[in-house]
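Participant: can you look at this prediction? I've put the sequence above it.
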Amino acid sequence: MNRTNANHKSNQSNPNSPAYQQVNNNRSNQGNPNNPAYHSSRGTTAGQKK
């Protein structure tokens, strides 16, 4: 395993890492119907209902 793989793996499990925080924020945004990311990940707009 080269050094960049080791860094990537340690960042994925470090809650203080900016990459870790960004992934978790995006997951929570996609699950929130009041957030535009929720609709963009589903191909709908805020006014449409499935």
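Facilitator: Done, it's in.

Participant: going forward, measure contacts and count neighbours with C-alpha atoms only.
Facilitator: Fine.

Participant: which helix or strand contains residue 16?
Facilitator: Following DSSP states H and E, there is no helix or strand that holds residue 16.

Participant: that one and residue 22, how far apart?
Facilitator: Using C-alpha to C-alpha, to the nearest Å, we find residue 16 at a distance of 10 Å from residue 22.

Participant: so residue 13 sits against residue 23, correct?
Facilitator: No: if you go by C-alpha atoms under 8 Å, residue 13 and residue 23 don't touch, sitting 11.2 Å apart.

Participant: below-threshold pLDDT in this protein: ranges please.
Facilitator: For the chain, residues meeting the criterion pLDDT under 70 lie at 1-3, 46-50.

Participant: biggest helix in it by residues?
Facilitator: When the chain is parsed with DSSP state H, its longest helix is helix 18-30.

Participant: what residues of it count as buried?
Facilitator: Buried residues in helix 18-30, defined by neighbour count with 16 or more other C-alpha atoms under 10 Å: 29, 30.

Participant: chain center to the helix or strand just after that helix: distance?
Facilitator: Proceeding N to C from helix 18-30, the next assigned helix or strand is helix 36-40, under DSSP H and E. The chain centroid and the centroid of helix 36-40 are separated by 12 Å under C-alpha atoms, centre = their mean, to the nearest Å.
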